[in-house]
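**Q** Pasting a predicted model and its sequence here:
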Amino acid sequence: MHPVLTIDFGSTYTKVTAVDTASARVIATAQDFTTAATDLSEGLASALAKLEGKTGALDYQARLACSSAAGGLRMVAVGLVPALTAKAARFAAFGAGAKVIATYAYEMTRADGEAIARQQPDIVLLSGGTDGGNRAVITSNAKVLAKVPGDFPVIVAGNRAAQDECADILRAAGKPAYVTENVMPTLNALNVRPAQEIIRSVFLERIILGKGLSREMALVDGILMPTPAAVMAALTLLADGTPEHKGIGELMAVDVGGATTDVYSIARGLPSAPTTLLHGLREPYVKRTVEGDIGMRYGAAGVVQAAGLDVVVEVSGLSKDVVQDLLQRIHEDASLLPQTEELEALDFALAVLAVRTGLLRHAGTLTQVYTPMGAVFRQEGKDLTHIAKLIVTGGTMIYSKRTQEIMAEALAVNDPAALLPKTPEILVDDRYILASMGLLAGYDQTAAFHILKEQFGKDVNHAAGQ
Amino acid sequence: MQNGKKLVLGVIGADVHAVGNQILNHAFREAGFDVINLGVMVSQEEFIDAAVESAADAILVSSLYGHGELDCQGLREKCDEAGLTGILLYVGGNIVVGKQPFEEVEKRFHNMGFNRVFGPGTSPETTIQALREDLLGQ
């Protein structure tokens, strides 16, 4: 036995998992409330006590942790054109597991600077211009950022030709500036990895200290990454496999939380027909999007806004008055649990529409264009119609009795323009292992892969026939 | 030899003629220009976004299916709005329907803000020479 402990400091729960890497199995999991207000170690200690009650005393060979507590990694993304470098900066931040609290394009104003001063982000990612391209805007934005009070670090990942000048402006104002490769060195080509590596090292060096995650915490070897980055690492490992073992292929995942909805795709998403032309930014193979206003509780109002009250009424099967009344109660008390049939029905609708909205915004679109040469198709973003496996995670979906029903309803979008998975198999992360396995992947990749494959890689049709 | 000048190239509108676009792409690169080729079915906004982000020196619009006049209307004004004041705009190809006198067509496109207008059958060398004159003073 070679026991390893993984810890996920979530915004609500601290989840601990005991894994035996020698036999590639999860020994047990436990959770307790996160104590972000005081010191995270209190919640961790009580979660560990519960775990030890199940496993007995274990001599852990490693303790690996990720965190999304205290608001997660909060970033501001800055670019030039909204559909180009500003989008590339967002991709870079999301892909590093961050929460993008604001995005700015073109020249920033004094009011933008004031907004950032109020938000006090953990990191600002400053991009703009292709290499050798526009340098006026990124330089002007560096000047605006330099004037914002606070010592938040700025990662400069824009036009090479302007990087030194931007770094000088920021450093002269006392902002730690990190210079790395452009997120979009040539038009429509993404290069997010170098920026993501800097985000991760800044996270390790600076951020965790400020979030009640003291390095001295005797129980943990260190917080390695933000939780979404761990989830992404697990999904990528499951899809691609290890050098010795083949992965299960392209897949997607959706995580509906109380406040936000995350969608992941590990897929190339290229056009499926030769008559389809791909337009715009080439999106990353490992793509994560976050709907910051879409969720089951704090994000309920966002769901209603995105889908429309009438659709919420229709999907829930409740009357308009009841829906409005329940939404008001959720607004007043975000910890409300679905204890009545009515609230259960509303939660069903909120889950369906949160998933649907998240998937629609993540997936690409296909537009039919009539030309004098006949009809042709224009694709923007990823074509995910062929995705065969869709993993669902997050408390709402894991503990719902109607997960399959929610997903079927969410995917029932009768719109040929939406490049959503057509008939994916829905796999449930019912042991809550994704983040844990993402952490383990950096320690023992093979063990992590086998555990993931055991959970998600089974041939369900075959198993059903047995 | 790179001459340091950056061109945004593409076929505008719902036009899918890809062959000429590729020929121009190669010819301009060969002549030393840095070409950002957007391919076919490019909208006005995509031309502008590409030029803003890359600080391009010229936008070269191709149109081969006869709807060029409609597709090109307002491009100059949008460039002005986007801060691309005075950027060089070329258009070329079968830019209008039917047999119209080229002088009239040229005039209409000049009035729309295009610096140069090239008719059907223009060889890439002609355009390259024009670019050298306009951008490099050669």
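**A** Ah, there it is.
**Q** What backbone torsions are found at A:Ile433?
**A** A:Ile433 adopts backbone torsions of phi -100, psi -10, taken as degrees, to the nearest 10.
**Q** what about it, neighbour count?
**A** By other C-beta atoms under 10 Å in any protein chain shown, 25 other residues sit near A:Ile433. Where you see a C-beta, it was placed from the backbone N, CA and C, and this is true even at glycine.
**Q** right, and it touches A:Thr17 too?
**A** Yes - using C-beta atoms under 8 Å, A:Ile433 makes contact with A:Thr17 at a distance of 6.6 Å.
**Q** for the residue of chain A positioned farthest from its centre, what are its contacts?
**A** Centroid-distance maximum for chain A: A:Pro372 at 42.4 Å, with C-alpha atoms, centre = their mean. Shown here is A:Pro372, whose contacts under the criterion C-beta atoms under 8 Å, 6 or more residues apart in numbering or on different chains are B:14, B:65-67.
**Q** returning to that earlier point: shared neighbours of A:Ile433 and A:Thr17, anything?
**A** Joint contacts of A:Ile433 and A:Thr17 (C-beta under 8 Å, 6+ apart) are A:26, A:29.
**Q** What pLDDT is listed against the residue farthest from the centre of chain A?
**A** You'll see A:Pro372 listed with a pLDDT of 75.
**Q** wait, doesn't B:Leu60 sit right on B:Leu24?
**A** Yes - the criterion here is C-beta under 8 Å, and B:Leu60 meets it with B:Leu24 at 7.4 Å.
**Q** shared neighbours of those two, which are they?
**A** Applying C-beta under 8 Å, 6+ apart, one finds that B:Leu60 and B:Leu24 are jointly contacted by B:9, B:127.
**Q** ok, residue 61 - contacts?
**A** Assuming you mean chain A. Each residue near A:Gln61 by C-beta under 8 Å, 6+ apart is listed here: A:2-4, A:21.
**Q** my question was about chain B
**A** B:Val61 neighbours (C-beta under 8 Å, 6+ apart): B:10-12, B:47, B:68, B:72, B:75, B:89-92, B:114.
**Q** quick one: it is in a strand?
**A** Yes - B:Val61: assigned to a strand according to DSSP: H, G, I helix; E, B strand; the rest coil.
**Q** What is the neighbour count of the closest residue to A:Ala24 other than its chain neighbours?
**A** For A:Ala24, ignoring the flanking residues on the chain, the nearest one in space by C-beta to C-beta, 6 or more residues apart in numbering or on different chains is A:His450 at 3.9 Å. The number of residues packed around A:His450, counting by other C-beta under 10 Å, is 19.
**Q** Over to B:Val96?
**A** Counted with other C-beta under 10 Å, B:Val96 comes out at 20.
**Q** For the helix or strand containing A:Arg356, C-alpha coordinates in CSV please.
**A** Here A:Arg356, judged by DSSP states H and E, is contained in helix A:341-362. Taking C-alpha atoms only, helix A:341-362 is exported to CSV below (Å, rounded to 0.1, in the frame of the first residue of the first chain):
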residue,chain,number,x,y,z
GLU,A,341,-41.7,19.1,-4.6
GLU,A,342,-42.1,22.6,-6.0
LEU,A,343,-38.6,23.6,-5.2
GLU,A,344,-37.4,20.2,-6.6
ALA,A,345,-39.2,21.0,-9.8
LEU,A,346,-37.6,24.5,-10.0
ASP,A,347,-34.2,23.1,-9.3
PHE,A,348,-34.7,20.6,-12.2
ALA,A,349,-35.4,23.6,-14.5
LEU,A,350,-32.5,25.6,-13.2
ALA,A,351,-30.1,22.7,-13.6
VAL,A,352,-31.4,22.0,-17.2
LEU,A,353,-31.1,25.6,-18.2
ALA,A,354,-27.7,26.2,-16.5
VAL,A,355,-26.3,23.2,-18.3
ARG,A,356,-27.9,24.2,-21.6
THR,A,357,-26.7,27.8,-21.3
GLY,A,358,-23.2,26.8,-20.4
LEU,A,359,-23.0,24.2,-23.2
LEU,A,360,-24.4,26.7,-25.8
ARG,A,361,-21.9,29.3,-24.9
HIS,A,362,-19.0,26.9,-24.9
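**Q** contacting residues around the closest residue to A:Ser272 other than its chain neighbours?
**A** Computed as C-beta to C-beta, 6+ apart, the closest residue to A:Ser272 that is not its neighbour in sequence is A:Asp383, at 5.5 Å. Contact analysis of A:Asp383 by C-beta under 8 Å, 6+ apart lists A:269-272, A:276, A:363-364, A:366, A:419.
**Q** Can you tell me which of those residues lies closest to chain B?
**A** Top of the list for closeness to chain B, among the contacts of A:Asp383 and by C-beta to the nearest C-beta, is A:Thr276 at 10.7 Å.
**Q** tell me the phi and psi of the closest one?
**A** According to degrees, to the nearest 10, A:Thr276 has phi -100, psi 130.
**Q** Show me what it is bridged to.
**A** In this structure, A:Thr276 bridges to A:Phe377 when assessed by DSSP bridges.
**Q** residues near it, how many?
**A** Using other C-beta under 10 Å, A:Thr276 has 17 neighbouring residues.
**Q** Direction included, what does the helix or strand where A:Thr103 lies pair up with?
**A** Counting by DSSP H and E, the element that carries A:Thr103 is strand A:99-104. Within its sheet, and counting by DSSP bridges, strand A:99-104 is paired with strand A:74-78 (parallel).
**Q** chain center to the strand it pairs with: distance?
**A** Its chain's C-alpha centre and that of strand A:74-78 lie 14 Å apart, by C-alpha atoms, centre = their mean, to the nearest Å.
**Q** Which SSE is immediately downstream of it?
**A** helix A:85-95.
**Q** returning to that earlier point: mind giving me the packing neighbours of the helix holding A:Arg356?
**A** In terms of contacts (3 or more C-beta pairs under 8 Å, 6 or more residues apart in numbering or on different chains; DSSP states H and E), helix A:341-362 is packed against strand A:251-256, strand A:261-266, strand A:286-291, helix A:300-307, helix A:309-316, helix A:320-332, helix A:395-399, helix A:403-411.
**Q** From the contacts of A:Gln61, pick the one nearest chain B.
**A** Taking C-beta to the nearest C-beta as the measure, chain B lies nearest A:Val4 of those, at 45.4 Å.
**Q** Can you check the contacts of A:Gln61 and name whichever has the most neighbours?
**A** A:Val4 (24 neighbours).
**Q** What strand or helix carries that one?
**A** Using DSSP H and E, A:Val4 sits within strand A:3-9.
**Q** residues making contact with the next helix or strand after that strand?
**A** Where DSSP H and E defines the elements, the next helix or strand beyond strand A:3-9 is strand A:13-20. Applying C-beta under 8 Å, 6+ apart, the contact partners of strand A:13-20 are A:1-8, A:25-35, A:40, A:43-44, A:47-48, A:50-51, A:55, A:58, A:60, A:69, A:395, A:432-433, A:435-436, A:440, A:447, A:451.
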